[in-house]
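Asks: Structural data only, the sequence is not supplied:
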């Protein structure tokens, strides 16, 4: 009995060391030096890292991500190392080249430019932020879209370890999906792969997506939570395995999360059903949100190149007609949707799946039509001089109402159709609001007429 | 020691087989045949089923629910079986006759007709859906209320297993609570007992109810989450037992979920406190939502039979007076509320319970009064020709505002009172909005007056 | 082998008894008498208590909290004991004097008077509650702010144990943070330390705070859920230890909850980083919500003492200028914010923390400015006789819009900045609404002008 007890004790001690101290010994000399101080200075993130796969399985640590051999604009001397604070997709590409490469094709990676360099969206952004300043923008739209990171000077600061120089980083902190990084790369992997555990569990859980996809402009998370899928997730998730790869449907999880449908490789019966993608629209035929009219997805992740016949940087005319030359064709749409349907088919028969998607198609059609009605009212108001098109598309009441029609209500209905969102397609920013808003616009035009007289 | 180890190993292997393969051998020959293909074709739901009580405890499988001896309108030939896609309460009644029978008395089972066949609610529905089409309705109101399932033809489709014929099912997919099924039954048990695990755990968790009870028209789930009950649930649920029957208060759970108060049989100290009911208003004296004025609950689950003195299909006059002949009487109300109070009394003393319900009574009174104020404004506008009663009750601004008064704000306040919802009774669609909306209606009438001049 | 089995069995039985029955024997004779009946009468709360630290570790039970030696106004004879129903901070102070004392400095403890005895907020409250009654108030604003508990008479009631007399308690039930208790104390510890488990786990989880901090007036919980911190919590909380003291960052939890930043003692590497406080603004420099303009925190938790130059009971002029004499000075602000930054520094470097707080400072500035714009419009309307300042600050449309500007939108933006709330600073009651609302106010003034003519 004593011997058995000793073996058990030994195993426990061994396990403890292998996970904690042992890992620490196996990491690079550089990382060990980092840890020496940072265990004291920022113990929370060291602890996160210690429990991460980076630490336990790959023996990858601070230095592997934060220390560069070649000097970057944002590198600075720190206790004998050239380090940089902001880790970028290019840093991650060292070990994850495929994911990093896929992400460059992801529209999200262009989220900064697609907002700031498109005159219409820039106009919208300025309307929203009111009293303008760089700090406001960073805290507002760019918190999700990504900031422009700039390092211009070093500043001395007192620390636990004495006076040291650190860079003054403009646009920091930020983990926006389209962040412009000092090394020229775009995005931030830690938008989803939250520092410093970089846990695939967190990335696979829908709460991760909720940061940027919960508001009235993109109610994906809210729709998910009330869907059948969301309630199975909410009830059963404690019994699922979010850490394993490959991710096996029916074994590791029993209902899709955001990642299942849009990102993850899914295995069933030992077969790969769909491959992992970090191009989020890889299984999506239509672009549903952030646009007056839903259309096929753009070919390029850079949406600033769009131009309709009226010269506006949009992928559709104001009449809803798509500007097809910039958009993926029907074949590509079919290819993408058939990938999505493969995921659906793990649980659902064809009649179920087809029924579902025919409703989504109908919603795209009807919400586009409701935008068209709103646009008709707006164009009419402009034409009759009741509102002024020239100064801004967003700074008058009739324009704000028009914007809410597509940016909030049409989007919400489409998401509800796409993901089973019940009331988000009806009363909660849904069809009730789509119809009510046409009423509001008509009312407002009557007031403008009256005022003009 | 070797023998012990062997026994343990044997037990593990036995358990594994008894849960998985063994169960598969114990199910009917028919189900075994289904599984033969569907393990490959729809492995996700097979896996759900395998982990379900249906599989593990009852050896009930695909065939027991999807294969019928007698032909139904929606039955079709499928590899030698007469099967139907849509499983209905009548199918479930085979094993669960009592629950199925209770459900026919549940107002939810009439949710389709109560909406579509009541001219007022049909008018509201048409207003909401704007550009009308059957697909839009199915995706909108009927996603919760239930669709009308119709099978008119078979269509051939390529499958993994070669070309096969499948029915084209109108109104599918849908798990609405009042679905009209091809066999004449009403509803869908899988609205709450989510396929294909049919897990009582999921049904007992409040997220299940959130699908249809989260929007501004029925904010029950939102109110629950901020209530004391909701936060105990959220904190402690991992330690509760959601699978056991009878469900023992204080042992299996320590705070009510939706099911505890409205559905489940509750046991305390070995005694049955309340019996299970699938008639959801069995413990409710008042009908709080979906109506201009809260009244006693209707006697019949079919609410299309209502008619007030003005000839409108409502259970109250426009003045708020209840149409008592259709409503349960005071005795029945007392009987129901005393059942609910039995649930409360597991934790709360009488002074607590009575204090709570006196506030709910007051809320019913005051919210009815706020609806009355709004109705007064509406009637006045109609009378003075500022709005047109004839065409529709919902298509003019003053009418929309009136609708929001009772459908969103009065409801929200009542739910907040009924379940401890704090801000949902104040700023979040609560009393702030009830008062503000009266202001909006008065403002609008002033505008209409001005316009008329 | 038999002996070992016997020992294991004995240990299990012993453990069972030590946790359940044994604890029951170790509690006071008085509590044992209480339990004798209440195990049957209110078994749910007895079960909660049995699993609590009060029961298991401290052998503190019913009598220790509900039985008083000296008679209180609300004491009554109950089976030979002088007991009181409503347990107050003074009762808790018997064992928790430090926490109780800290709480008296907490602004929350004055939440009743700060609302009811400040003419401006009282005016707002009356506007909200519309049809006024004490029961409505208790159910509305006072559900969070706390009711005034009053006991005026005893009433006989039939019980399981025969006829007994119980007090009629006005304002009951209530667990509002500023409840006025019959013993003169303020607040309710069970607002956060939910009865009858008084679990520190529940208090440390953010859902607890959501009851009162989720609406548009205080969207703290909503902001938290979409923040990085919130999503780590949501993903990882099952593996955290919410019950242990001291609470060790990086070991017991890996991301802050509300309690971590605002209340709890935090230990790192065996060191106390910040001490526990029940004065919730102890680590906060600015008061962000419930006020037209964000200012430094008031010195006194009693905010009814405020008076600006215009004689209004506010801590700022209508121009936004803070009334500094009532507010903590810059030194105290620095002291508080540096405590908060110590919590941040467990994971974040200075450049990160400073970047974060510079955005919050900017948000305070810009949201105050947006309130100023709204106030300018309001003052103008008053001055020109388009609205009436005299009767109430909240009963006309232009006044309601002004209120929503600061009470909903400015607040929301500040919370989003303070806690990483993404869309709550943009579209979801954020900057979009701040700008849009100025538009609405201008529109309304145009209508009033037109109407006046």
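Replies: Everything's here; your move. Only a predicted model underlies this, so the values are computations on that prediction, with no experimental measurement involved.
Asks: Please identify the buried residues of the longest helix along chain A?
Replies: Using DSSP state H to define each element, chain A has its longest helix at helix A:350-383. Neighbour-count burial for helix A:350-383, with 16 or more other Cβ atoms under 10 Å in any protein chain shown as criterion, is recorded at A:350-357, A:359-360, A:362-371, A:373-375, A:377-378, A:381-382. Glycine gets a C-beta too; all of them are placed from N, C-alpha and C.
Asks: just stretch A:103-120 next, same as before
Replies: Neighbour counts over stretch A:103-120 (16+ other Cβ under 10 Å) mark A:103-116, A:118 as buried.
Asks: That stretch and chain C, are they touching?
Replies: No: Stretch A:103-120 stays out of contact with chain C when judged by Cβ under 8 Å from any Cβ of the partner chain, the minimum separation being 11.5 Å.
Asks: ok, the buried residues of stretch A:103-120 vs chain B, which is closest?
Replies: Of all the buried residues of stretch A:103-120, residue A:107 has the smallest distance to chain B: 26.1 Å, by Cβ to the nearest Cβ.
Asks: Quick check, that closest one in contact with residue A:301.
Replies: Yes: under the criterion of Cβ atoms under 8 Å, residue A:107 makes contact with residue A:301 at 4.3 Å.
Asks: Break down chain A into its strands, ranges please.
Replies: Counting by DSSP state E, chain A has strands at residues A:76-78, A:81-83, A:150-159, A:162-170, A:247-248, A:266-268, A:271-274, A:286-287, A:295-296.
Asks: Residue numbers of the stretch 301-450 of chain A in contact with chain B?
Replies: A:345-352, A:355-356, A:358-359, A:362-363, A:366, A:369-370, A:416-417, A:420, A:422-428, A:430-432, A:434-436, A:438-440, A:443, A:446-447, A:450.
Asks: Buried ones among those?
Replies: A:345-352, A:355-356, A:359, A:362-363, A:366, A:369-370, A:416-417, A:420, A:422-428, A:430-432, A:434-436, A:438, A:440, A:443, A:447.
Asks: Local confidence estimate at residue A:16?
Replies: Looking at residue A:16, its pLDDT stands at 50.
Asks: Quick check: the gap between the residue in the stretch 151-300 of chain A positioned nearest to chain C and residue A:281.
Replies: Nearest to chain C in the stretch 151-300 of chain A, going by Cβ to the nearest Cβ, is residue A:215, at a distance of 3.1 Å. Distance of residue A:215 to residue A:281, computed by Cβ to Cβ, to the nearest Å: 20 Å.
Asks: Ok, residue A:103 next?
Replies: As judged by Cβ to Cβ, residue A:103 and residue A:281 stand 12 Å apart.
Asks: repeat for residue A:115
Replies: 17 Å.
Asks: same check, this time on residue A:452
Replies: From residue A:452 over to residue A:281 the distance is 45 Å, taken as Cβ to Cβ.
Asks: more neighbours, those two?
Replies: residue A:281 (19 against 9; other Cβ atoms under 10 Å in any protein chain shown).
Asks: Not counting sequence-adjacent ones, nearest residue to the residue of the stretch 351-453 of chain A found nearest chain B?
Replies: Closest residue of the stretch 351-453 of chain A to chain B, Cβ to the nearest Cβ: residue A:423 (3.1 Å). Nearest residue to residue A:423 in three dimensions, chain neighbours excluded: residue B:215, at 3.1 Å (Cβ to Cβ, 6 or more residues apart in numbering or on different chains).
Asks: what number of residues lie near that neighbour?
Replies: Residue B:215 has 28 neighbouring residues, counting by other Cβ under 10 Å.
Asks: which residues sit in contact with it?
Replies: A:422-424, A:426-428 (Cβ atoms under 8 Å, 6 or more residues apart in numbering or on different chains).
Asks: which of the residues you listed sit farthest apart?
Replies: With distances taken as Cβ to Cβ, the most widely separated pair in the contacts of residue B:215 is A:422 and A:427, at 9.6 Å.
Asks: Around chain B, pick out the residues from the stretch 151-300 of chain A.
Replies: Going by Cβ under 8 Å from any Cβ, the residues of the stretch 151-300 of chain A near chain B are A:225-228, A:230-232, A:234-236, A:238, A:249-251, A:254, A:268-269.
Asks: I'd say residue A:245 and residue A:201 touch.
Replies: No: taking Cβ under 8 Å as the definition, residue A:245 is not a contact partner of residue A:201, at 11.5 Å.
Asks: neighbour count winner among these two?
Replies: Between residue A:245 and residue A:201, counted using other Cβ under 10 Å, the more crowded position is residue A:201 (18 against 12).
Asks: Quick check, that one in contact with residue A:243.
Replies: Yes: counting by Cβ under 8 Å, residue A:201 does reach residue A:243; the two are 5.5 Å apart.
Asks: Any idea how many residues pack against residue A:181?
Replies: Counted with other Cβ under 10 Å, residue A:181 comes out at 24.
Asks: quick revisit: can you tell me which of the strands of chain A is nearest to residue C:395?
Replies: Among the strands of chain A, the nearest to residue C:395 by Cβ to Cβ is strand A:286-287 (45.7 Å).
Asks: If you count contacts, what does the closest one end up packed against?
Replies: When contacts are defined as 3 or more Cβ pairs under 8 Å, 6 or more residues apart in numbering or on different chains; DSSP states H and E, strand A:286-287 packs onto strand A:295-296.
Asks: Counting by contacts, list what the longest helix of chain A packs against.
Replies: Applying 3+ Cβ pairs under 8 Å, 6+ apart, we find helix A:350-383 packed against helix A:330-344, helix A:397-404, helix A:411-419, helix A:431-452, helix B:134-139, strand B:162-170.
Asks: Pull the number of nearby residues for the closest residue to residue A:431 other than its chain neighbours.
Replies: Closest residue to residue A:431 apart from its sequence neighbours, by Cβ to Cβ, 6+ apart: residue B:128 at 5.0 Å. Using other Cβ under 10 Å, residue B:128 has 24 other residues around it.
Asks: Assess the claim that residue B:128 and residue B:139 are in contact.
Replies: No: using Cβ under 8 Å, residue B:128 is not in contact with residue B:139, being 11.7 Å away.
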